[in-house]
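Engineer: make a model of this:
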Amino acid sequence: MKEPLTEELLCELLESPSPEQFTSTHNLQAPTLSEYLQWLLANHGLVRSKVIREAGLNETFGWQIFKGERGCGRDKALALAFAMNLDLRETNRLLQAAGQSTLYCKDRRDAIIIFCIEKGLTLRRADEELYRFGEQTICQ
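Structural biologist: Predicted structure coming up:
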């Protein structure tokens, strides 16, 4: 799933004689949530059952998310991101695949979450930081 940089694609699009030519040479379909989760598992050498457990999800619900049978809300996606120890870019891609808004540093809660991701904190520690600042925790 190695992707060209957005800037590279933009330059190529602007230099292309037509949108048809550009789109015919690139697969611009975003992966589904299930596809992206499967890629992350393989790429990071993770075990699905362990990720579900560390994210604090109900086992059945977690399996349904990974199989593509159910979607998930923003906090569940964030819990998965922390359980998988994703970086900020991967977390935002996971949020997009889940149909949720990406993390935004001008939002106080999101800023705390971004800080926790960048510092490699666990889900539990991230929730402690959110609680300390009076923000809604990821795990309710």
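
Engineer: for Leu37, which non-adjacent residue is spatially closest?
Structural biologist: Of all residues not flanking Leu37 in the chain, Phe66 sits nearest, at 5.4 Å (C-beta to C-beta, 6 or more residues apart in numbering). To be clear about C-beta, it is placed using only N, CA and C from the backbone, and glycine gets the same treatment.

Engineer: apologies, that question was intended for Gln38.
Structural biologist: Closest to Gln38 by C-beta to C-beta, 6+ apart is Phe66, at 7.2 Å.

Engineer: which strand or helix spans the residue nearest to the spatial centre of the chain?
Structural biologist: By C-alpha atoms, centre = their mean, the chain has its centre lying nearest to Leu94, at 2.0 Å. Using DSSP states H and E, Leu94 sits within helix 88-97.

Engineer: pretty sure the residue nearest to Gln38 contacts Tyr36?
Structural biologist: No - under the criterion of C-beta atoms under 8 Å, Phe66 makes no contact with Tyr36, lying 10.4 Å away.

Engineer: strands along the protein, start to end?
Structural biologist: Taking DSSP state E as the criterion, the chain carries no strands.

Engineer: in it, where is pLDDT below threshold?
Structural biologist: Under the criterion pLDDT under 70, the flagged ranges of the chain are 1-3.

Engineer: ranges for the helices of it?
Structural biologist: Ranges of helices within the chain are 6-15, 19-25, 33-44, 48-54, 59-67, 74-83, 88-97, 108-118, 123-132, based on DSSP state H.

Engineer: buried ones in stretch 56-76?
Structural biologist: The neighbour-count check on stretch 56-76 (16 or more other C-beta atoms under 10 Å) flags Gly56, Leu57, Gly62, Gln64, Ile65, Phe66, Gly71, Cys72, Lys76 as buried.
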